[in-house]
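Visitor: Structure for this input, please:
(2 chains)
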Amino acid sequence: MLRVNNIVKQYASHLALDDVSLEVEQGKIFGLLGPNGAGKTSLIRIITQITAPDSGEVIFNGQRLNANHIAQIGYLPEERGLYKKMEIGEQVLYLARLKGLTTAEATKRIRYWFEKLEMESWWHKKVEDLSKGMQQKVQFVATILHEPELIILDEPFSGFDPVNADIIKNEILELNKKGATFIFSTHRMESVEELCDNIALIHRSKKILDGSVLDIKEKYRNNTYWVEFDGDYNPELTADIFEVLQKDTLRGKTILKVRLMAGKTANQLLSALLPIVNIHRLDEVIPTMNDIFIDQVKQEN
Amino acid sequence: MNKILLIIRREYLSRVRKKSFILMTLLTPLIIAGFYGIIIYFSIQGASGTFNKIAVVNENKSLTEKLVSSKNASYTYVGQSLAEMKSNMGKSGYDYVLYLPDFNLGHPDGIQLFGTKQASLSLNSKVTDALENAIRTQKLKESGIAQEDLDKLQSSVNIDNKTINETGNEEDSSAGAITIIGSASGILMFMFILLYGIQVMRGVIEEKTSRIIEVMISSVKPFQLMMGKIIGIALVGLTQFILWIVLTTAISTVAVKIFSDKKDLKQVTVSNTQVKPTKVAADVAEAGPIAYVQKSLASLDLTKIVLVFLFFFIGGYLFYSALYAAIGSAVDSETETQQFIMPVMMPLFVGYALSLSVITNDPYGQLAFWLSMIPFTSPIAMMVRLPYGVPDWQLALSMALLIVGFIGTVWVASRIYRVGILMYGKKTSFREMIKWFTYKN
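Guide: The predicted model follows:
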């Protein structure tokens, strides 16, 4: 539904985006990952039409991005902000009306969401009287109220306690099921990788990797496993099946990080060990996005 | 367009609902009416003044001419000695005792004024005048001038100010009222532009520091947000101004009615005056000072002044508030605004200072003309000039220049604003702002 083609954005002294292209599929959750200052926010500002690119284009539902698309995009910026002196209800209503909702429709939806997220009593409160987490909730509601097709969340879970983070996560999944497309932007890659269908890694203004999370992980798994057992064991017996990368002893148990030799399987590892030791655990070491990112950056350099 | 209306509505309502706004709007007319009352009170006081009975103990043999009583002081010659008068100062019914020793008319000294209270400066100078007059008359008589000739020398002058308008008719005019109206509307204009201009700047900074700006800009164009804010706050200013005029007029009308009903006030003034009043005093006493002030006001076209004020307020406000919006967008907090505010405020201050000094002295001069043409100073300068009479073509030219001026500042400001509002954590310089201005969109 959204295609970014060869975007270049130059600020006074540095290049924020260098020929970045990516595609967000309809109904998917897309992760825009990268460290601080990589260019994520610059890209989002272009998609939300806050700024314009120096060159390149953004295609939204087959059309070149224009002012009519504003109502179909919801944006929760990383820097959360609301008018401090304004009442919550009035404020969300104002933001919704700016997105083109009528007063009646907006009021109805605000009531629905406030009830759903247990915020009914907040209507006449002022923002300055709310905690940071509460403000986040208000802003989340303001972001999704006009039922945008594309919802862009910059650092979606920062500021939430675990309980509220879970509530918001569930709302996101529910909206996604109803057909909303999401873009998550974050530098804390572990916080969203379980939610994302597809990701793009941005580093120093350039896209260095993108694709579906499953594919990427598949590509980066390297036959490494954690094995935990107790009992004596001589590594030489299994040298043809796996090599030991790391060995720890914890409360009488041995923990090994091992890599299978080419062509060997986890089953072969198990059958070699089973006669000798008592096995407690066998895990495949799946690289996190963070690992993959670091790996990629090393390769780049 | 609908969005800009929403923004205007929010900016307007959020300010008009504030307690401070309601309080200011209601209290100011009361304060103005209070000042009006005080001015009237003192003009009555000035006409009647405090009345002093002065006993004169004259030991001077050469001064036979008596001191002439005026409307603030009466002189009664008493036979008692100075010691006697001093000893029953409180009971005698006199406020002061004037002691005239036997001095030489050529060098009058040793004169003393006794009283239970310290004599005021004005009383002192009145007694001095009366005594000098008496001595002068005495001397003139001694040199052989007859009483009739002396009377002929006395004359009372009262200048009636008239201006001739373009059609050749005479109009009453009052330099005093014109200066007051001119300066007052100039000061009011200065205050309004400054106060509401700064409100615009604060509003922009608030949006930046509370970080709502990004949410807003993803819904509306920066220009819409800026203009919505500027127009919304302008409407707040207009609301306040119109309420002030309505309330002040209402309160003043009531107050004047109450004052005018007290007819005895005028009689007190006349009956206490023991000498025959001069022509001016008679005028004031007869018509009352209120009528005098009202007559002065009536000679000015107040409706025109109010309408022109509204135009120049809106124009001047738009001109300056756009610049303030640009400043607000370029900084992260109010403390950083200093270096940018100075150059924007300077012309306003200079216009204000020059208008109140130069124009009130020379309302038709070159400087007055140019000050009232250049948009930076014209709102204030034109208001000060207006009561003196400004040719229509100059008024029209000044208005046209102001319109061109604010379109210019709004254009420049919006180009800085759109970049500035998204800049955080950087110290901005003028060079940087110029660079922002040249960014293409």
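
Visitor: burial count for A:Ile44?
Guide: Neighbours of A:Ile44 under the rule other Cβ atoms under 10 Å in any protein chain shown: 22. (Each C-beta comes from the backbone N, C-alpha and C, glycine too.)

Visitor: Now for it: which residues touch it?
Guide: By Cβ atoms under 8 Å, 6 or more residues apart in numbering or on different chains, A:Ile44 lies in contact with A:Leu32, A:Tyr75, A:Ile152, A:Asp154, A:Ile183, A:Ser185.

Visitor: The second one: what secondary structure?
Guide: In this case it means A:Tyr75. Each residue gets one of three states, and A:Tyr75 gets strand by DSSP: H, G, I helix; E, B strand; the rest coil.

Visitor: Read off the pLDDT value for residue 11.
Guide: Here I'm looking at chain A. Per-residue pLDDT puts A:Tyr11 at 80.

Visitor: Can you look at chain B instead?
Guide: 93.

Visitor: so which strand or helix has it?
Guide: Element membership for B:Glu11, per DSSP states H and E: helix B:2-16.

Visitor: Whether the next helix or strand after that helix contacts chain A - can you check?
Guide: Next along the chain after helix B:2-16, taking DSSP H and E as the criterion, comes helix B:19-48. No - using Cβ under 8 Å from any Cβ of the partner chain, helix B:19-48 stays clear of chain A, coming no nearer than 11.7 Å.

Visitor: Report all helices and strands that helix B:19-48 contacts.
Guide: The contact analysis (3 or more Cβ pairs under 8 Å, 6 or more residues apart in numbering or on different chains; DSSP states H and E) places helix B:19-48 against helix B:222-261, helix B:264-271, helix B:279-298.

Visitor: Lowest mean pLDDT across those helices, which one is that?
Guide: helix B:264-271 (a mean of 43).

Visitor: For the helix holding B:Glu11, give me every contacting residue.
Guide: A:83, A:85-86, A:94, A:97-98, B:21, B:199, B:203, B:219-220, B:224-225, B:227-229, B:231-233, B:235-236, B:239.

Visitor: returning to what we had before: can you lay out the contacts of A:Ile44 as JSON lines showing distance to B:Gln366, pLDDT and secondary structure?
Guide: As requested, these are exported to JSON lines (distance: Cβ to Cβ, whole Å; pLDDT from 0 to 100; DSSP: H, G, I helix; E, B strand; the rest coil):
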{"residue": "A:Leu32", "distance to B:Gln366": "64", "pLDDT": "91", "secondary structure": "strand"}
{"residue": "A:Tyr75", "distance to B:Gln366": "57", "pLDDT": "92", "secondary structure": "strand"}
{"residue": "A:Ile152", "distance to B:Gln366": "60", "pLDDT": "94", "secondary structure": "strand"}
{"residue": "A:Asp154", "distance to B:Gln366": "59", "pLDDT": "89", "secondary structure": "strand"}
{"residue": "A:Ile183", "distance to B:Gln366": "64", "pLDDT": "94", "secondary structure": "strand"}
{"residue": "A:Ser185", "distance to B:Gln366": "62", "pLDDT": "90", "secondary structure": "strand"}
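
Visitor: what about A:Leu98, neighbour count?
Guide: Quick note: A:Leu98 (other Cβ under 10 Å) scores 24 neighbours.

Visitor: Excluding chain neighbours, what is closest to it?
Guide: B:Ser219 (4.2 Å; Cβ to Cβ, 6 or more residues apart in numbering or on different chains).

Visitor: Now for the one you found: which residues touch it?
Guide: Neighbours of B:Ser219 in contact, by Cβ under 8 Å, 6+ apart: A:Ile70, A:Leu95, A:Leu98, A:Lys99, B:Lys3.

Visitor: Those in helices, which ones?
Guide: Mapping the contacts of B:Ser219 onto helices (DSSP state H) picks out A:Leu95, A:Leu98, B:Lys3.

Visitor: Mind splitting chain B into its structural domains?
Guide: Domain segmentation of chain B under automatic domain parsing yields B:2-42+B:174-438, B:52-146.

Visitor: first vs last residue of the first one, how far apart are they?
Guide: Right, the one you point to is domain B:2-42+B:174-438. In domain B:2-42+B:174-438, first residue to last residue: 29 Å (Cα to Cα, to the nearest Å).
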